[in-house]
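Student: can you look at this prediction? I've put the sequence above it.
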Amino acid sequence: MNQIPANDAVVATTNGITRGEVILEATDLVRRFTAKGEGGLFAPKKTLVAVDRVSLALRAGEVVAIVGESGSGKSVLSRLLARIITPSAGTLALRGTPIDLRSRRTTAYANEVQLVLQDPFASINPVRRVGRSLERPLRIHGTPKDQVQARAYEVLESVSLTPPQQYLDRFPHELSGGQLQRVNIARGLSVRPKVLLADEPISMLDVSVRLGVLNLLRELCDAHLLAMMYITHDIASARYIADETAVMYAGQVVERGRGTVVIDAPVHPYTQLLVSSVPDPDQLTHQEHRATTANAVGFNLEGCRFSPRCPHATELCHTSEPPMVELEDGHSAKCWLVADAAQRTAVSMRPGPSSEG
């Protein structure tokens, strides 16, 4: 993988967190929204399922990339994990302790799990100086008054904004997009969280500064053993930074795997189309481009969600929801074609009848 290697000598922080330890775990998370139906004021309401039975584990010192197109449920998932939105069903556990999802989000939980939003210009108050934006969460979370400024200096240095005193008195409009996103990341890190949820953190930035922010996130993850979720529609950046990749479509995880296996050897048709849509003059053909953009007509609630758009869909795909099929080395996919191929492989590997006797 093209990422900064983890320092194997650093196995735990002062808080006793071990690299690879599960920090935040979600099991069968569901989020439904009620929307007005078509047909006027008295039309019956309809239910939209934004996240459908999603399970994942965020581990210390590792990055889990959530990849998918707009509307796949990625951002809703991040807000469920941050407890900004209450799940309709499912469970959350922080370091093995179940979270009461019926209660309000507490300051203690926010201290452990921080969310970095996509647009730094919208997420930082434009009429307050950078120092004020950094110091406010520190005061809310109980940092002693005489330590607030020192901590603000510390987090700015950790995101390579040096010397920090040059940035504290500036307004957001005086910074570039890349600098402001680093301030945004610094604000999230200021309370020393154990989990960082980064929702499209580079999509609003110039291409020239995206790599620097990705490297920064990887460095912070390794140095502080952060459990990080990186949300993106850019499959190339996911390959660069992630230790594990999960592909979402229509609220469901349809493929997942460790390392680069999902992107280098995708087995679900949706993942294959995502990979083929990456601009590559040497590989992308007109036929692949047509397959990627054709039949963008929503999704199927009865069978496979992707079946209306899948070029390989069968009648079974339209009528029955496929299982999540475990392949090898942690690679899995939710697809009838994959299930059929796995079953045929298993049958072919069975020993034949003995010729003895």
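Tutor: Now that the structure is in, tell me what you want to look at. Just so we're clear, the structure is a prediction, and the values are computed from it rather than from any experiment. Numbers count the residues shown, from 1 in each chain.

Student: per-residue confidence at the nearest residue to residue 204 once chain neighbours are set aside?
Tutor: Leaving aside its chain neighbours, residue 204 sits nearest to residue 119 (5.1 Å; criterion: Cβ to Cβ, 6 or more residues apart in numbering). Yep, even glycine has a C-beta here, placed from its N, CA and C like the rest. Residue 119 is assigned a pLDDT of 87 by the prediction.

Student: mind checking how far residue 119 is from residue 53?
Tutor: Separation of residue 119 from residue 53 (Cβ to Cβ, to the nearest Å): 29 Å.

Student: now residue 217: how far from residue 70?
Tutor: The gap separating residue 217 from residue 70 is 21 Å, by Cβ to Cβ.

Student: the two: which is more packed in?
Tutor: residue 217 (24 against 8; other Cβ atoms under 10 Å).

Student: now tell me which helix or strand of this structure has the poorest mean pLDDT.
Tutor: Least confident element among the helices and strands of the chain, by mean pLDDT, DSSP states H and E: helix 286-293 (a mean of 41).

Student: give me the average confidence score over the helix or strand following that helix.
Tutor: Counting by DSSP states H and E, the next helix or strand C-terminal to helix 286-293 is helix 315-319. For helix 315-319, mean pLDDT is 93.

Student: and helix 315-319, what does it pack onto?
Tutor: helix 336-348 (3 or more Cβ pairs under 8 Å, 6 or more residues apart in numbering; DSSP states H and E).

Student: in the helix it packs on, what's buried?
Tutor: 336, 337, 338, 339, 342 (16 or more other Cβ atoms under 10 Å).

Student: could I get those residues as TSV with distance to residue 267 and pLDDT?
Tutor: Listed next are the buried residues of helix 336-348 as TSV, based on distance: Cβ to Cβ, whole Å; pLDDT from 0 to 100:
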residue	distance to residue 267	pLDDT
336	12	93
337	8	90
338	5	91
339	10	90
342	9	83
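
Student: would you map the helices across this structure?
Tutor: Under the criterion DSSP state H, the chain contains helices at 74-81, 107-112, 120-123, 130-140, 148-158, 165-168, 177-189, 207-224, 235-241, 261-264, 269-276, 286-293, 315-319, 336-348.

Student: by mean pLDDT, show me the worst of the ones you listed.
Tutor: Ranked by mean pLDDT, those end with helix 286-293 at the bottom, a mean of 41.

Student: out of the helices of the chain, nearest to residue 25?
Tutor: helix 74-81 (9.9 Å; Cβ to Cβ).

Student: contact partners of that closest one?
Tutor: 24, 26, 29, 31, 50-51, 54, 58, 66-68, 85-87, 92, 113, 115, 118, 195, 197, 199-200, 229, 231, 233, 248 (Cβ atoms under 8 Å, 6 or more residues apart in numbering).

Student: now swap in stretch 204-223 and tell me
Tutor: Contacts of stretch 204-223 (Cβ under 8 Å, 6+ apart): 3-7, 10, 61-63, 118-121, 158-160, 176-178, 181-182, 185, 189, 196, 198, 201-202, 226, 228, 230, 237, 240-241.

Student: what residues does residue 63 make contact with?
Tutor: Residue 63 touches 217, 218, 221, 228, 229, 230, 241, 242, 243, 244, counting by Cβ under 8 Å, 6+ apart.

Student: got the domain boundaries for this structure?
Tutor: Residue ranges for the domains of the chain, per automatic domain parsing: 15-32+45-259, 265-349.

Student: winner for burial among those domains?
Tutor: domain 15-32+45-259 (a mean of 19; mean count of other Cβ atoms under 10 Å).

Student: now do that one: distance to the chain's middle.
Tutor: Its chain's C-alpha centre and that of domain 15-32+45-259 lie 9 Å apart, by Cα atoms, centre = their mean, to the nearest Å.

Student: now stretch 266-277
Tutor: Worked out by Cα atoms, centre = their mean, stretch 266-277 lies 18 Å from the chain centre.

Student: keeping just the C-alphas, turn it into CSV.
Tutor: The C-alpha coordinates for stretch 266-277 follow below in CSV (Å, rounded to 0.1, in the frame of the first residue of the first chain):
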residue,chain,number,x,y,z
PRO,A,266,-13.1,-6.4,-7.1
VAL,A,267,-15.7,-9.2,-7.4
HIS,A,268,-19.0,-7.3,-6.9
PRO,A,269,-20.3,-5.7,-10.2
TYR,A,270,-20.8,-2.4,-8.5
THR,A,271,-17.2,-2.2,-7.3
GLN,A,272,-16.0,-3.3,-10.7
LEU,A,273,-17.9,-0.4,-12.3
LEU,A,274,-16.5,2.0,-9.7
VAL,A,275,-13.0,0.9,-10.4
SER,A,276,-13.5,1.0,-14.2
SER,A,277,-14.9,4.5,-13.9
